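Undergrad: With the sequence up front, the predicted model follows.
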Number of protein chains: 6
Amino acid sequence: MFSITVRDHVMVAHSFRGEVFGPAQRLHGATFVVDARFTRPELDQDNVVVDIGLATRELGAVLAGLNYRNLDEVPEFAGINTTTEFLAKHIADCLVARVHEGALGEGARGLSGVEVSLQESHVAWASYERTL
Amino acid sequence: MFSITVRDHVMVAHSFRGEVFGPAQRLHGATFVVDARFTRPELDQDNVVVDIGLATRELGAVLAGLNYRNLDEVPEFAGINTTTEFLAKHIADCLVARVHEGALGEGARGLSGVEVSLQESHVAWASYERTL
Amino acid sequence: MFSITVRDHVMVAHSFRGEVFGPAQRLHGATFVVDARFTRPELDQDNVVVDIGLATRELGAVLAGLNYRNLDEVPEFAGINTTTEFLAKHIADCLVARVHEGALGEGARGLSGVEVSLQESHVAWASYERTL
Amino acid sequence: MFSITVRDHVMVAHSFRGEVFGPAQRLHGATFVVDARFTRPELDQDNVVVDIGLATRELGAVLAGLNYRNLDEVPEFAGINTTTEFLAKHIADCLVARVHEGALGEGARGLSGVEVSLQESHVAWASYERTL
Amino acid sequence: MFSITVRDHVMVAHSFRGEVFGPAQRLHGATFVVDARFTRPELDQDNVVVDIGLATRELGAVLAGLNYRNLDEVPEFAGINTTTEFLAKHIADCLVARVHEGALGEGARGLSGVEVSLQESHVAWASYERTL
Amino acid sequence: MFSITVRDHVMVAHSFRGEVFGPAQRLHGATFVVDARFTRPELDQDNVVVDIGLATRELGAVLAGLNYRNLDEVPEFAGINTTTEFLAKHIADCLVARVHEGALGEGARGLSGVEVSLQESHVAWASYERTL
């Protein structure tokens, strides 16, 4: 199995609901360093998993919808705890939608999986992995 | 599949038995930067894999039993080569026992797997992965 | 010249005023991975710059005043752009005050300088360096 | 499942054919930081996955065949786009051949898989994973 | 003293002349992860050293002149060993020229120094530091 | 001012004397990831600070005297707390002696300074900087 991974980041504010979150129930923020990993069993005719330039551009486009925002005020996330693991799934699902739309190129239709990891600090990160 | 990972470290002395270890047969030491990864297929009702605060606390508790020790003198490891890969399994097994005891919260009973990685230097690391 | 550095982090929300900040004028957030570096020309009688345990504890205490907060609502920062470089100075000044109070031990009075670096992402960081 | 990983690097020149590569069609170069991961279900009698010293030596031997070269002029790669993902497979296959030749020790015959990752920059990497 | 640092990278081919370089006399290549650090004694009225957005844009513009090139064929470098330390100086000098041209904003005229570091692998890097 | 830095590591056991060290008074161990930085005001005729190959070889030679040892039993360190900052100075002084012996090449006589940093974990490191 082959993979390529590209990295970018977002800087957001949010708060959590639920006693388990302790002080993180207050409005605070995070930088998420985001790694998007694309997998496929065989390379395409150019010998790539997916074009790294397109993968980087599309990850950037997905993150632009979140960047420099207070996620508590994003209608799509109303009433939702936007935890690191939840955001990993949100970003992975957005990337898969773009693959299906052809935004990562025709060859990207041969992708078998996507994994998104969000590093919230030097001591904690989360990921979500799914098939295409 | 979702995951969260938390990081901590231990500083131990030990020696190895067996010619394959060369100079590492002498008493020496290591800092192990330890990553504990918890996986589950679906998030709990708080939208988390497991509470990061509890995961960090329990990883710290497990590592406290090893930290600042000469592993050659720990009765539990008598006659055992405490290699990086062996210690990864030891820590993973301790974390799983704590999950079963409820130390990571009731929601943690939905965890499906644990992976522990130990980075022994900037050029070598080991891991052990198991189901719950 | 000797130094020791300890690392911790904070997760905050804030916004900036001024066109130069573009989208960062909106309420957003950041994880700052914080490195506090202590320097001195000669080691103390224990052969240390300052006790790493005390340095880590005091850095944590300083950061606790910022962590999981919306800096726009912290009275001390009213009307101030809490940029990464500004926060580096704030944290450095707080650490120096603690040194003068004796919180880092008597030996810490021999320190000559403090530098605080804040990594806001994998591609940007800031620092502030001062004498004691 | 257990694993150990060792890290080394190569510095090569190459060019790509195909419009998708844009400016990378020109002769350029890369440092690839190479991680070779070896997996097996159970440890051997020394409590290791494979001897880290041998794994490091053999990874270095495989990389020596590529290091400080213009891959466009290596006969083995004539007419081939030596992408990061292609090189990951090439290195993994070479390591597996060496395992079968016994170069990683008799115990290495118990290995079940090899994964090779090549980091081409701080924001992009590729990998290839296979069974033995 | 305050600083901010921004990171980007380039991928180039080149060769060296001189026996001291051993196999690096052959045409090979490198990824250089480039950190540009800007220093000044006091913050400007926006509380920044220099706008991080402008610093990132201008570093990218300077690197665009090198990226995906064979440096042996760049007329400006004819007959020159484009070592990591030489390139650090080249990039720093280009950044200083842009500061003087006003490309980093009027406030950037208060900068006192620039340091450029190039990481050529996980085990080697070089830097050049100068005043403005 | 120019610099180059090379990285290697050692794995040692040791213990400390003094109440300030708490549990580190017990025999324990550490991996030290060691960065040796060489500085000079101008490059030599090959356009380098010092040959990276020689610098790497000599750093390795200095570290070989410490690697896989219990520092409590090294006669040279009898009665000495081999703290991270102490070891940084020890390694820097050894490297300077080798420069004076010519082991880093004739050109290395133009070096102006050496700084050695030892990372003992992902959250703590120490350094020592001196002139030649």
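TA: Alright, I've got the coordinates.

Undergrad: could you measure the spatially most central residue of chain A against A:V62, distance?
TA: Centroid-nearest residue in chain A: A:I91, 3.2 Å away (criterion: C-alpha atoms, centre = their mean). Taking C-beta to C-beta, to the nearest Å as the measure, A:I91 falls 6 Å from A:V62. All C-beta spots, glycine's among them, are computed from the backbone N, C-alpha and C.

Undergrad: re the thing from before, surely the residue nearest to the centre of chain A is in contact with A:L63?
TA: Yes - in terms of C-beta atoms under 8 Å, A:I91 counts as a neighbour of A:L63; the distance is 7.2 Å.

Undergrad: what sits in contact with each of those two?
TA: Shared contacts of A:I91 and A:L63, defined by C-beta atoms under 8 Å, 6 or more residues apart in numbering or on different chains, are found at A:V34.

Undergrad: How about A:V62, nearest residue that isn't a chain neighbour?
TA: Once flanking residues are discounted, A:V62 sits nearest to A:C94: 4.4 Å by C-beta to C-beta, 6 or more residues apart in numbering or on different chains.

Undergrad: what about the residue found closest to A:P23 once you drop the neighbours it is linked to in the chain, which SS state?
TA: Nearest residue to A:P23 in three dimensions, chain neighbours excluded: C:Y68, at 4.1 Å (C-beta to C-beta, 6+ apart). Here C:Y68 is recorded as coil under DSSP: H, G, I helix; E, B strand; the rest coil.

Undergrad: For chain C, what is the nearest residue in chain A?
TA: When scored by C-beta to the nearest C-beta, chain A has A:G29 as its residue closest to chain C, at 1.2 Å.

Undergrad: Just give me the neighbour total for that residue.
TA: 26 (other C-beta atoms under 10 Å in any protein chain shown).

Undergrad: A:N81 now?
TA: For A:N81, using other C-beta under 10 Å, the count is 21.

Undergrad: close enough to count as contact, it and A:A24?
TA: No - judged on C-beta under 8 Å, A:N81 makes no contact with A:A24 at a distance of 9.7 Å.

Undergrad: and for those two, which residues touch both?
TA: With C-beta under 8 Å, 6+ apart, A:N81 and A:A24 have common neighbours A:F16.

Undergrad: Could you list the contact residues of chain A toward chain C?
TA: For chain A, the contact set with chain C under C-beta under 8 Å from any C-beta of the partner chain comprises A:7, A:9, A:11-14, A:23-24, A:26-33, A:67-70, A:120-123.

Undergrad: what's the residue nearest to A:P23 sitting at in phi/psi?
TA: phi 60, psi 40 (degrees, to the nearest 10).

Undergrad: show me the contacts for it.
TA: A:P23, A:A24, A:R26, A:H28, C:V10, C:M11, C:V12.

Undergrad: Would you check that the last one makes contact with C:A30?
TA: Yes - in this structure C:V12 lies within contact range of C:A30 using C-beta under 8 Å: 6.2 Å.

Undergrad: Look at the two and report which has more neighbours.
TA: Higher neighbour count among C:V12 and C:A30: C:A30, with 28 against 24, using other C-beta under 10 Å.

Undergrad: that's a helix at that one, yeah?
TA: No - per three-state DSSP, C:A30 lies outside any helix segment and is strand.

Undergrad: roughly how far apart are it and A:Y68?
TA: 10 Å.

Undergrad: swap in A:G29?
TA: Using C-beta to C-beta, we find A:G29 at a distance of 10 Å from A:Y68.

Undergrad: likewise A:T39?
TA: Separation of A:T39 from A:Y68 (C-beta to C-beta) stands at 30 Å.

Undergrad: and if you look at A:R40?
TA: On the measure of C-beta to C-beta, A:R40 and A:Y68 end up 33 Å apart.

Undergrad: go on, A:E120?
TA: Distance from A:E120 to A:Y68, counting by C-beta to C-beta: 17 Å.

Undergrad: And the strands in chain A?
TA: Remark: strands assigned in chain A by DSSP state E are A:2-14, A:28-40, A:113-121, A:124-131.

Undergrad: Can the last one be said to contact chain B?
TA: What it means is strand A:124-131. Yes - shown here: strand A:124-131 in contact with chain B (C-beta under 8 Å from any C-beta) through A:A124, A:W125, A:A126, A:S127, A:Y128, A:E129, A:R130.

Undergrad: What residue, apart from its backbone neighbours, is nearest A:G110 spatially?
TA: A:R40 (5.4 Å).

Undergrad: wait, isn't the one you found in contact with A:N47?
TA: No - using C-beta under 8 Å, A:R40 is not in contact with A:N47; the gap is 12.0 Å.

Undergrad: what residues does chain A put near chain B?
TA: Close to chain B, as judged by C-beta under 8 Å from any C-beta, chain A has residues A:16, A:18, A:20-22, A:80-86, A:88-89, A:122-130.

Undergrad: Can you go through those residues and name the buried ones?
TA: A:16, A:20-21, A:81-86, A:88-89, A:122-129 (16 or more other C-beta atoms under 10 Å in any protein chain shown).

Undergrad: State the pLDDT value of A:D93.
TA: Turning to A:D93, the model gives it a pLDDT of 98.

Undergrad: tell me the contacts of the closest residue to it other than its chain neighbours?
TA: The shortest distance from A:D93 to any non-neighbouring residue, by C-beta to C-beta, 6+ apart, is to A:R130 (7.6 Å). Counting by C-beta under 8 Å, 6+ apart, A:R130 touches A:K89, A:A92, A:D93, A:V96, A:G113, A:V114, A:E115, B:M1.

Undergrad: Pretty sure the fourth one sits against A:E129.
TA: Read it as A:V96. No - the criterion here is C-beta under 8 Å, and A:V96 misses it with A:E129 at 11.4 Å.

Undergrad: Overlap in contacts, these two.
TA: In contact with both A:V96 and A:E129: A:V114, using C-beta under 8 Å, 6+ apart.

Undergrad: returning to what we had before: of A:R40 and A:N47, which one has the most company?
TA: Between A:R40 and A:N47, counted using other C-beta under 10 Å, A:R40 has the larger neighbour count: 22 against 19.

Undergrad: I figured A:V99 was touching A:L111, is that so?
TA: Yes - the pair A:V99 / A:L111 is scored as a contact, 6.0 Å apart, by C-beta under 8 Å.

Undergrad: what touches both of the two?
TA: Taking C-beta under 8 Å, 6+ apart as the criterion, A:V99 and A:L111 both touch A:L132.

Undergrad: Show me the beta-bridge partners of A:S127.
TA: Listed by DSSP bridges, the beta-bridge partners for A:S127 are A:S117, B:S3.

Undergrad: Please list all residues in contact with it.
TA: Applying C-beta under 8 Å, 6+ apart, we find A:S127 in contact with A:E85, A:A88, A:E115, A:V116, A:S117, A:L118, B:F2, B:S3, B:T5.

Undergrad: what about the first one, distance to chain D?
TA: A:E85 sits 22 Å away from chain D, taking C-beta to the nearest C-beta, to the nearest Å as the criterion.

Undergrad: Once you drop chain neighbours, what's closest to that residue?
TA: A:A126 (4.2 Å).

Undergrad: Mind giving me the packing neighbours of the longest helix along chain A?
TA: What stands out as the longest helix in chain A, according to DSSP state H, is helix A:84-101. Helix A:84-101 is packed against strand A:28-40, helix A:52-64, strand A:113-121, strand A:124-131, strand B:2-14, with contacts defined by 3 or more C-beta pairs under 8 Å, 6 or more residues apart in numbering or on different chains; DSSP states H and E.

Undergrad: Put the alpha carbons of the fourth one into PDB.
TA: Once non-C-alpha atoms are left out, strand A:124-131 reads as follows in PDB (Å, rounded to 0.1, in the frame of the first residue of the first chain):
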ATOM      1  CA  ALA A 124      -1.400  15.500  22.000                       C
ATOM      2  CA  TRP A 125      -2.900  14.700  18.600                       C
ATOM      3  CA  ALA A 126      -5.900  12.900  17.100                       C
ATOM      4  CA  SER A 127      -6.800  11.300  13.800                       C
ATOM      5  CA  TYR A 128      -9.600   9.900  11.700                       C
ATOM      6  CA  GLU A 129      -9.200   7.300   8.900                       C
ATOM      7  CA  ARG A 130     -11.800   6.300   6.400                       C
ATOM      8  CA  THR A 131     -12.100   4.600   3.000                       C
END
